[in-house]
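In: Predicted model and sequence below, questions to follow.
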Amino acid sequence: MIDVIRRLPRALALGSVLAGVILLLVWMALQAPSKPLLEPSGSPSTQFAADYRLQWQSTVDETGRPLLPDEVFAYSEFLKRALSGQLAYTDPRRVEFQARASLSLLTRGSAPGQAIRLQSRVRPKLVLRNHSLAVFEIETDYLDVRYSADYAQFLNSHIKTMTETVRVADTRIGLVVRHVERIEAPAEFVLASARKTREPERLGGINYYPASAPWTDFWASFPVAEINADFQHIRAMGANSVRVFLNRRAFEAPARREQSLQRLERLLDLAQTHDLKVILTCFDMGVSYELADLTQGWSHLQRILEIADRHPAVVLIDLKNEPDLDYHYWGAARVDLWLSTLLGMAQATYPDLSFTIGWSNARAASALVDQVDIVSFHDFEAPSSLSERLAFVRNIAGPKPVMLTEIGHSRWPTLPGRMTQAEKLSTQLRQVGGLDGVLVWTLNDFDEIPDEVAGWRPWRKAMQAHYGLSELSREKFSRFLCDFLKTPTDQTCIGDAA
């Protein structure tokens, strides 16, 4: 027994040494370079980059070696997981990477409000990769707009630029964020900024859909030969412009987006060939005014404006067609804030473009009159009193240009003693000589009218189907255009629209 007791300390010491060796070997194994859990194969996902508006930049690590394509792919996968919230965060402050809209309750002073993230751009840069440690510098630019809690007014609006340095450990259990350092640099971004009133080109033209493909069918079928023939006919009438509508579903759906954008450029090229200017109406039917959906709306608008900004055929951007008709469901405050936010962002980003909103009637045109570049409205009321409505709009517009971007009458029903389409149109055209633009609805009749345009009632669909200009109406409109658009040296126009 005594001998056993004497040997015990030696055995314990030996066991301690062995345990230490084992622990050391385990620690060394854990520290040894391991195969990354994100296998670098292929190239960065272009769809992912498009969805999150990622801008990959060429960079170098601290040794001066350029990043290889497979490394960029591995880092893009890391960011993809980070953005989708699949990383394990050990930092108690928990980092949130966001690339889509976020809606959260904020406190500004003592006033609660709502914040909408409208845009986020992420640019990753590898700083150091050393065995189990990867250091990324991720520069994130994002745009937040803050509203009052009831969305009745802006609290403030600004662009906030944030640079994050994220240290990521590539361990056997996955990528783990160890440390995050943020540096914020806010910059003022005024949505309702004053813009200098510009002298617009006087426009006289047609609201246009092909007869065979109106509304939702337009961009899906896009009958090029028919569009070309119609543009030729419109120009022969003496018109200098067309107003077209961009169905959001055609331009947002990933499967149709690129095709629709290509078709838009093709339409603009056709218009330029026939010496026609184009008003692009960016939002028409099926708009959600949920402020949390603004990010998708801004992405859609940016894709359109990128093309419009560089194409000489585009003369005016109509942000939304008849948004006041949505007041009854969404509320005027919500609709106007949605419009004001997108309008302000568009004006700040594309200062060379002119913007308007196509209100459904003269009374509605007073909304956002201080923000639009051109005041425009539609008129389908009694022809004899149009001059009174024009006087109202001119008064609220002040020095800004005024355009009547939809005017017209259905030929249905034909009743004894009822004014014809041509007579109504002539009555209206005699009152609009001082406007900066007049566009008639529309060139063609349509065989099929979608329910979302005129509802399900047959008589309403029949009325909508017969707004196409009759031969006599075309003749009178052509005579009006000849006088309305002539230059001081043009002596070829005689007569009037009577």
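Out: Thanks, I have it. Numbers count the residues shown, from 1 in each chain.

In: hey, let's count contacts and neighbours off CA atoms from now on
Out: Fine.

In: quick one: low-confidence ranges for the stretch 251-400 of the chain?
Out: 292 (pLDDT under 70).

In: which residues of it fall in helices?
Out: Secondary structure of the stretch 251-400 of the chain (DSSP state H, counting those that start in this stretch): helices located at 254-273, 294-310, 327-330, 332-349, 386-397.

In: With mean neighbour count and distance to residue 19 added, can I get those helices in TSV?
Out: As requested, the helices of the stretch 251-400 of the chain are arranged in TSV below (neighbours: other C-alpha atoms under 10 Å; distance: least, C-alpha to C-alpha, whole Å):
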stretch	mean neighbour count	distance to residue 19
helix 254-273	17	59
helix 294-310	18	58
helix 327-330	11	70
helix 332-349	19	65
helix 386-397	16	86
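
In: Out of those, flag the one nearest residue 372.
Out: Between residue 372 and the helices of the stretch 251-400 of the chain, the tightest spacing by C-alpha to C-alpha is seen for helix 332-349, at 7.8 Å.

In: relative orientation of that closest one and helix 294-310 in degrees?
Out: Helix 332-349 and helix 294-310 meet at an angle of 40 degrees, taking axes from the mean of the first three to the mean of the last three C-alpha atoms, to 10 degrees as the criterion.

In: so what secondary structure elements neighbour helix 332-349?
Out: helix 294-310, strand 314-321 (3 or more C-alpha pairs under 8 Å, 6 or more residues apart in numbering; DSSP states H and E).

In: Output the longest one as CSV, nothing but the C-alphas.
Out: When you say that, I think you mean helix 294-310. This file holds the C-alpha atoms of helix 294-310, laid out as CSV (Å, rounded to 0.1, in the frame of the first residue of the first chain):
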residue,chain,number,x,y,z
LEU,A,294,-40.9,51.1,-52.0
THR,A,295,-37.5,49.4,-52.6
GLN,A,296,-39.0,47.2,-55.4
GLY,A,297,-40.7,50.3,-56.8
TRP,A,298,-37.4,52.2,-56.8
SER,A,299,-35.6,49.4,-58.4
HIS,A,300,-38.2,49.2,-61.2
LEU,A,301,-38.1,53.0,-61.7
GLN,A,302,-34.3,53.0,-61.9
ARG,A,303,-34.2,50.4,-64.6
ILE,A,304,-36.5,52.5,-66.7
LEU,A,305,-34.8,55.8,-66.0
GLU,A,306,-31.4,54.4,-66.8
ILE,A,307,-32.7,53.9,-70.4
ALA,A,308,-34.7,57.1,-70.5
ASP,A,309,-31.7,59.2,-69.3
ARG,A,310,-29.6,58.2,-72.3
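
In: could you dump the helices of the stretch 251-400 of the chain to a markdown table with distance to residue 318?
Out: Below are these laid out as a markdown table (distance: least, C-alpha to C-alpha, whole Å):
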| stretch | distance to residue 318 |
| --- | --- |
| helix 254-273 | 15 |
| helix 294-310 | 11 |
| helix 327-330 | 18 |
| helix 332-349 | 10 |
| helix 386-397 | 16 |
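
In: what about residue 242, helix or strand, and which?
Out: Using DSSP states H and E, residue 242 sits within strand 241-245.

In: picking up where we left off before, for the helices and strands packed on helix 332-349, give me CSV that also has distance to residue 341.
Out: Shown next, in CSV, are the helices and strands packed on helix 332-349 (distance: least, C-alpha to C-alpha, whole Å):
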stretch, distance to residue 341
helix 294-310, 9
strand 314-321, 11
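
In: Distance of the closest residue to residue 300 other than its chain neighbours relative to residue 259?
Out: Leaving aside its sequence neighbours, residue 300 sits nearest to residue 252 (C-alpha to C-alpha, 6 or more residues apart in numbering; 6.3 Å). As judged by C-alpha to C-alpha, to the nearest Å, residue 252 and residue 259 stand 11 Å apart.

In: what's the closest of the helices of the stretch 251-400 of the chain to residue 147?
Out: Nearest to residue 147, of those and by C-alpha to C-alpha, is helix 332-349 at 8.9 Å.

In: what angle do that closest one and strand 314-321 make?
Out: Using the same axes, to 10 degrees: helix 332-349 against strand 314-321 is 160 degrees.

In: among the helices of the stretch 251-400 of the chain, which is nearest residue 430?
Out: helix 386-397 (9.3 Å).

In: could you give the mean pLDDT of the helix or strand following that closest one?
Out: Using DSSP H and E, the helix or strand that follows helix 386-397 in sequence is strand 402-407. Per-region confidence: strand 402-407 scores 97 on mean pLDDT.

In: outside of the very next helix or strand once past strand 402-407, which residues touch it?
Out: Once strand 402-407 ends, the next helix or strand along the chain (criterion: DSSP H and E) is helix 421-429. Applying C-alpha atoms under 8 Å, 6 or more residues apart in numbering, the contact partners of helix 421-429 are 383-384, 386, 408-411, 469-470, 472-473, 476-477, 480, 497-498.

In: Sketch out the low-pLDDT regions of the stretch 51-200 of the chain for me.
Out: 51-144, 146, 149-198.

In: list the contacts for residue 461?
Out: By C-alpha under 8 Å, 6+ apart, the neighbours of residue 461 are 449, 454, 455.

In: Now for those, which sits with the most neighbours around it?
Out: residue 449 (20 neighbours; other C-alpha atoms under 10 Å).

In: Read off the pLDDT value for the residue nearest to that residue when sequence neighbours are not counted.
Out: Nearest residue to residue 449, sequence neighbours excluded (C-alpha to C-alpha, 6+ apart): residue 461, at 6.0 Å. If you check residue 461, the pLDDT there is 86.

In: How about residue 222?
Out: 97.

In: Between the helices of the stretch 251-400 of the chain, which one is closest to residue 432.
Out: helix 386-397 (7.6 Å).
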